[in-house]
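Chemist: For reference, the sequence and a predicted model appear below.
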Amino acid sequence: MGINPSDDSPNVGKLGRGQGSDFWVKVILIGVSLLYLGLVLFFPVANVVYAAFENGVQPFFAALTISDFISAVQLTILIAGIVLPINTVFGLCAAWVIARNQFWGRTLLISIIDLPFSISPVVVGLLIILLYGKNGWLGGFLEQINFKIVFGIPSIVIATAIVTMPFVAREVIPVLEEVGNSEEEAARILGASDWQIFWRITIPNIRWGLLYGLLLTNARAMGEFGAVSVVSGNLAGLTQTLPLYVEEAYKNYQSQEAFAASLVLGLLALVTIVLKEILERRTGRKA
């Protein structure tokens, strides 16, 4: 018995209309998303690039040779170089304890690690001053031993370490929980030492998550402004990081210097995004 295609024509029409409406919904959502990204990201970035090269290439490169800019870059790299290994060690230790053990207060420990995500960086800076400042809890003792923390490099390191503390731990914990400990237990039964297990089994299993955490930590360390602005004193050539240099130059109507330094920070962010994408693709293929 034959089937007349015309019998289903109302359903076919409904299906066609449904597909058409879905198409326009997608177009509208994509358009709204692109418009929003354009207003808050693409257009501002394009404006920074235009302003940096508005007077030509030579003034741009001249702005990058100013001593205060060079000092700010050097200090930013120094702070990131100090904070990165500190939070790597902390993140690995915390992730190992949390992923491999069930104990009372485990949830509280995870919440404490996540605390810098919810506290304003400015509040972090104020807490450091209340603790290590001249009139702080430890201020008198530090003054007696002639050790200065606030308005010096130590306070910048502490503030940056606090705001970047969660990244390595939060990236490594789920990876450790997913891979389990069967390989580690097998290696231990075969006579491997804890150090051999860590370097030959644990690190290879978590390497992509660890690298992702290191990348995020480094990006936040180089771009941190709020906490550092409170504890550093913003002394040009001494305690002024690159984000602080951008703000100070702009406030002093040094537009060329401000936009040139902003473009450098933007390029650092672009490198971070590219590396992040590479790591995500490698992690996806690994999974």
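Modeler: That came through, no problem. It should be emphasised that the depicted structure is a prediction, and the values quoted were computed from it without experimental measurement. Numbers count the residues shown, from 1 in each chain.

Chemist: neighbours around residue 276, how many?
Modeler: Using other C-beta atoms under 10 Å, residue 276 has 15 neighbouring residues. For glycine as for every other residue, the C-beta is placed from the backbone atoms N, C-alpha and C.

Chemist: Can you name every helix or strand that the helix or strand harbouring it contacts?
Modeler: Here residue 276 sits within helix 255-286, counting by DSSP states H and E. Packed against helix 255-286 by the contact rule (3 or more C-beta pairs under 8 Å, 6 or more residues apart in numbering; DSSP states H and E) you find helix 43-52, helix 57-63, helix 67-100, helix 203-223, helix 242-251.

Chemist: Same list (those helices) but as JSON lines, adding mean neighbour count, mean pLDDT and distance to residue 106.
Modeler: Formatted as JSON lines, these follow (neighbours: other C-beta atoms under 10 Å; pLDDT from 0 to 100; distance: least, C-beta to C-beta, whole Å):
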{"stretch": "helix 43-52", "mean neighbour count": "14", "mean pLDDT": "87", "distance to residue 106": "42"}
{"stretch": "helix 57-63", "mean neighbour count": "14", "mean pLDDT": "90", "distance to residue 106": "50"}
{"stretch": "helix 67-100", "mean neighbour count": "18", "mean pLDDT": "93", "distance to residue 106": "6"}
{"stretch": "helix 203-223", "mean neighbour count": "20", "mean pLDDT": "89", "distance to residue 106": "19"}
{"stretch": "helix 242-251", "mean neighbour count": "20", "mean pLDDT": "92", "distance to residue 106": "35"}
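
Chemist: Report the buried residues of the helix holding residue 276.
Modeler: By neighbour count with 16 or more other C-beta atoms under 10 Å, helix 255-286 contains the buried residues 256-266, 268, 272, 275, 279.

Chemist: measure the nearest residue to residue 53 once chain neighbours are set aside to residue 69 for me?
Modeler: What sits nearest to residue 53 in space, not counting adjacent residues and going by C-beta to C-beta, 6 or more residues apart in numbering, is residue 60, at 5.6 Å. Distance, residue 60 to residue 69, using C-beta to C-beta, to the nearest Å: 12 Å.

Chemist: Now do the buried residues in stretch 111-119.
Modeler: By neighbour count with 16+ other C-beta under 10 Å, stretch 111-119 contains the buried residues 113, 116.

Chemist: and residue 84, what does it touch?
Modeler: The contact partners of residue 84, taken as C-beta atoms under 8 Å, 6 or more residues apart in numbering, are 214, 217-218, 221.

Chemist: these two touch, right, residue 63 and residue 256?
Modeler: Yes - contact status for residue 63 versus residue 256: in contact at 5.1 Å, counting by C-beta atoms under 8 Å.

Chemist: how many other residues sit next to residue 170?
Modeler: 19.

Chemist: Which strands or helices does the strand or helix carrying it pack on?
Modeler: Residue 170 belongs to helix 166-179 when assigned by DSSP H and E. Here helix 166-179 touches helix 67-100, helix 106-113, helix 115-118, helix 203-223, going by 3+ C-beta pairs under 8 Å, 6+ apart.
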